[in-house]
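Enquirer: Dropping the sequence and predicted coords here.
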Amino acid sequence: MSSSFDFDVAPFDLLNSAQQETVRGSAELVRYAAGDLILTPEVEPVHAYLLVSGSVRRQAGMLAEATYGPGTLFGARAVLSGRATSVSLAQGEVQAWRLPKSTLQALLVDSPAFCAAVFSEIAHRVSQQEARAEQREFLSLMMARVRDAYVRKPFYLDGAADLVSACAAMSAAGQSNALVRDGDRVGMFTTTDLRDALLRRSDGGDVLAPHAVKVRDVARFELISVHADRELFEALLLMLRHRVHRVLVRDDTGIVGVLSQLDLMSFVSNHSHLIALQVEQARNLADLKAAALQLDGLVELLHGGGVKIEVISSMVRVLNGQVYARLWSFVAPPELVANSCLLVMGSEGRGEQILKTDQDNALLLRDGFDCAELPQVAEAFNRALIDFGWPSCPGLVMLTNPMWRAPLATFREHLRSWIYGSDPDGAMHLAIFMDASAVAGDASLLQSAREFAFDILPGNDAFLARFAAAADQFEEPSVGWWARLTSPRARDELPFDLKKLGTFPIVHGVRALALQEQVTQLATTDRLRALVDRGRVEAPLARDLIEALHFMMALKLKNNLAQRQGGQPADNLVRMGSMSTLERDRLQDALGIIKRFRQFLQQHFKLGAV
């Protein structure tokens, strides 16, 4: 078998000699045995593969999504989006050329034809339903508007500038391309144009010095443009039709920016990655708000695509944390950031808040550090979060409340008071705080506070019993839910509180057990697994509780999305008439699991004696 790269195979047959040399210099011939993993969701993909012999199977769990044979380029989409959505493994012995991410990106940038072929193949595979979940997400996103994608803000050069000045300005701004103003004309100048410009010759045949070449002489002024309110698939078709990989985006007021093919496909392939990029590159509160406001749309898209609720909640937790941290860097002085720890708490801290509900945040300060403008900073922070879509906390568990922004020593006194004092809200304050997660600043401050709480808890069984009793505080009505669920007349009338009778007993009961065992994990599912490992909860019960929790979370999300679409405020109440027969059956099963867990808590903490 030949060890030479076959450039007759599509899409590599579209490369010129220089681009072929790029491939020869970086491609590596690799071999895999039957069953070897090539791509997995757990490892960031850094190579695409051109199969030479054998076949590769892509699968989600045990369900096959696609099979690739010789002459197929696979893994390109995973490399560009930064993650593989499923597992790819060798079927028998496999031989393939392995292409680094940098090589793939260089080919996409340097060869519009290669770029068009690669992305056309991705679209073709989706249209052939090779991956049903990916198809739903792809098609949903392609129906989004151009302005919803990552449209890069315009960066302008003066057409009269020479190449040296232009490159200096682009380097300072971190740009690889720029728009060029030349009178009434607007053109584009890219690094590819720079390469060609450096080879530009005078009439006498001599290569021109860079400072003697004006940007307007090498820029391209016949630009393809698309309106910001057009659908994304139209922008992609324009790129393919005109064999370009950037289009100018306009709206009724003028030029909005530039949409590149890579950014478009990144949006389609991995919307969450794009939001993270926008958060990271936000230059001001307006930029950050634009990214934050996309989060609920991402949730709706993923939910509609059938993505599991635990995956959605994990993704939202990460993105929310990035928004919080970036916002904190905007409003807080650097010395405050360095001498404090910004916390999110409650469901946000556990990673179980999906749509934006009320805020739960706090600030731990290093002992001895003082910030005179802290009240103003706290006000700016919470006000911005409200503007970003997080409502104010009805219980004022926010930085604007002095109780929730204090030095570590003061927080320790709060903890002692919540555990040993007589404040009726002490147990719930402790519950909120023990779900805290650090999102910015010095995380060791939170660790010290949590260790202090664990240190003063051992042996205080009376407090733990009172703490755990909250899981049993919301009683079912005298008419049992089983009767209500099977009553046709009641289905359209009776609301069910998904939090009070559903998620809260699970979350708080597990939190009480975790506090007793000094489990440091935050997510309810992680706490349950740790409790199983310590022999405190039986594995079958933990499994049932996790399934019940995820069902309740998914039902709440579905209900909240429907409420929002109907112009209603999102709440925890779901009406029986809005549920399918299968959902009512699953709700009945979940209630049985919760009832069994309540009985376990009553016996474990001897709640009858409280």
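Expert: Nice, I can see it. Numbering: from 1, shown residues only.
Enquirer: Near Ser171, how many other residues are there?
Expert: 10 (other Cβ atoms under 10 Å). Every C-beta, even on glycine, is put in place using the N, C-alpha and C of the backbone.
Enquirer: which secondary structure element contains it?
Expert: helix 163-173 (DSSP states H and E).
Enquirer: Distance from stretch 360-368 to the middle of the chain?
Expert: Relative to its chain's centre, stretch 360-368 lies at 26 Å (Cα atoms, centre = their mean, to the nearest Å).
Enquirer: tell me the mean pLDDT for it?
Expert: For stretch 360-368, mean pLDDT is 95.
Enquirer: Stretch 216-231 now?
Expert: Stretch 216-231 comes out at a mean pLDDT of 88.
Enquirer: Go ahead and name everything in contact with it.
Expert: Defining contact as Cβ atoms under 8 Å, 6 or more residues apart in numbering, one finds that stretch 216-231 is touched by 142-147, 151, 159-160, 163, 180, 182, 185-189, 193-194, 196-197, 200, 234-235, 238-239, 242, 244, 247-251, 256, 259.
Enquirer: ok, of these, which come out buried?
Expert: Buried residues within these, counting neighbours by 16 or more other Cβ atoms under 10 Å: 142, 144, 146-147, 151, 159, 163, 180, 182, 186-189, 193-194, 197, 235, 238-239, 244, 247-250, 256, 259.
Enquirer: Among those residues, which ones are in helices?
Expert: 142, 163, 193-194, 197, 235, 238-239 (DSSP state H).
Enquirer: what's the most distant pair in the residues you listed?
Expert: Met142 and Leu163 (37.9 Å; Cβ to Cβ).
Enquirer: Show residues contacting the helix holding Ser171.
Expert: For helix 163-173, contacts defined as Cβ under 8 Å, 6+ apart pick out 155, 157, 161, 176-178, 189, 194, 197-198, 210-211, 213-215, 218.
Enquirer: same question, stretch 400-416
Expert: 361-369, 374-375, 378-379, 382, 396-399, 429-430, 433, 445, 448-449, 452-453, 456.
Enquirer: from those residues, which ones fall inside strands?
Expert: Using DSSP state E, the subset of those located in strands is 361-365.
Enquirer: Which pair of those spans the longest distance?
Expert: Asn361 and Leu365 (14.0 Å).
Enquirer: between these two, who's got more neighbours?
Expert: Legend: neighbour count by other Cβ under 10 Å for Asn361 and Leu365, higher for Asn361 (28 against 23).
Enquirer: How about the contacts made by that one?
Expert: Residues near Asn361 by Cβ under 8 Å, 6+ apart: 324, 342-345, 348, 381-382, 385, 397-399, 404.
Enquirer: want to throw those into JSON lines with distance to Cys167?
Expert: Shown next, in JSON lines, are those (distance: Cβ to Cβ, whole Å):
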{"residue": "Tyr324", "distance to Cys167": "37"}
{"residue": "Leu342", "distance to Cys167": "40"}
{"residue": "Leu343", "distance to Cys167": "45"}
{"residue": "Val344", "distance to Cys167": "43"}
{"residue": "Met345", "distance to Cys167": "48"}
{"residue": "Glu348", "distance to Cys167": "45"}
{"residue": "Phe381", "distance to Cys167": "39"}
{"residue": "Asn382", "distance to Cys167": "44"}
{"residue": "Leu385", "distance to Cys167": "40"}
{"residue": "Val397", "distance to Cys167": "51"}
{"residue": "Met398", "distance to Cys167": "47"}
{"residue": "Leu399", "distance to Cys167": "44"}
{"residue": "Trp404", "distance to Cys167": "50"}
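Enquirer: and the least confident of those?
Expert: Least confident entry in the contacts of Asn361, by pLDDT: Glu348, with 90.
Enquirer: Once you drop chain neighbours, what's closest to that residue?
Expert: Asp360 (5.6 Å; Cβ to Cβ, 6 or more residues apart in numbering).
Enquirer: so what's the one you found up against?
Expert: Counting by Cβ under 8 Å, 6+ apart, Asp360 has contacts 344-349, 393, 397-398, 432.
Enquirer: from those, which two are the most distant?
Expert: Of all pairs in those, the most separated under Cβ to Cβ is Ser347 and Met398 at 14.8 Å.
Enquirer: how close does Val537 sit to Val519?
Expert: Distance from Val537 to Val519, counting by Cβ to Cβ, to the nearest Å: 11 Å.
Enquirer: what do the two both touch?
Expert: 513, 531.
Enquirer: most residues in a single helix of the protein, which one?
Expert: Longest helix in the chain by number of residues (criterion: DSSP H): helix 539-565.
Enquirer: pLDDT on that one, on average?
Expert: Helix 539-565 shows a mean pLDDT of 91.
Enquirer: avg pLDDT for the helix or strand hosting Leu262?
Expert: Using DSSP H and E, Leu262 sits in helix 261-269. The pLDDT scores in helix 261-269 average 69.
Enquirer: Mind exporting the C-alpha coordinates of stretch 220-234 to PDB?
Expert: Extracted in PDB, the C-alpha atoms of stretch 220-234 (Å, rounded to 0.1, in the frame of the first residue of the first chain):
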ATOM      1  CA  ARG A 220     -11.100  43.800  -3.000                       C
ATOM      2  CA  PHE A 221     -14.100  46.100  -3.400                       C
ATOM      3  CA  GLU A 222     -16.600  43.800  -5.000                       C
ATOM      4  CA  LEU A 223     -18.000  42.400  -1.700                       C
ATOM      5  CA  ILE A 224     -20.900  40.000  -1.300                       C
ATOM      6  CA  SER A 225     -23.300  41.200   1.400                       C
ATOM      7  CA  VAL A 226     -26.300  39.800   3.200                       C
ATOM      8  CA  HIS A 227     -28.900  41.500   5.400                       C
ATOM      9  CA  ALA A 228     -28.600  40.900   9.100                       C
ATOM     10  CA  ASP A 229     -32.300  39.700   9.200                       C
ATOM     11  CA  ARG A 230     -31.900  37.000   6.500                       C
ATOM     12  CA  GLU A 231     -31.700  33.400   7.500                       C
ATOM     13  CA  LEU A 232     -28.300  31.800   8.000                       C
ATOM     14  CA  PHE A 233     -28.700  29.200   5.300                       C
ATOM     15  CA  GLU A 234     -28.900  32.100   2.800                       C
END
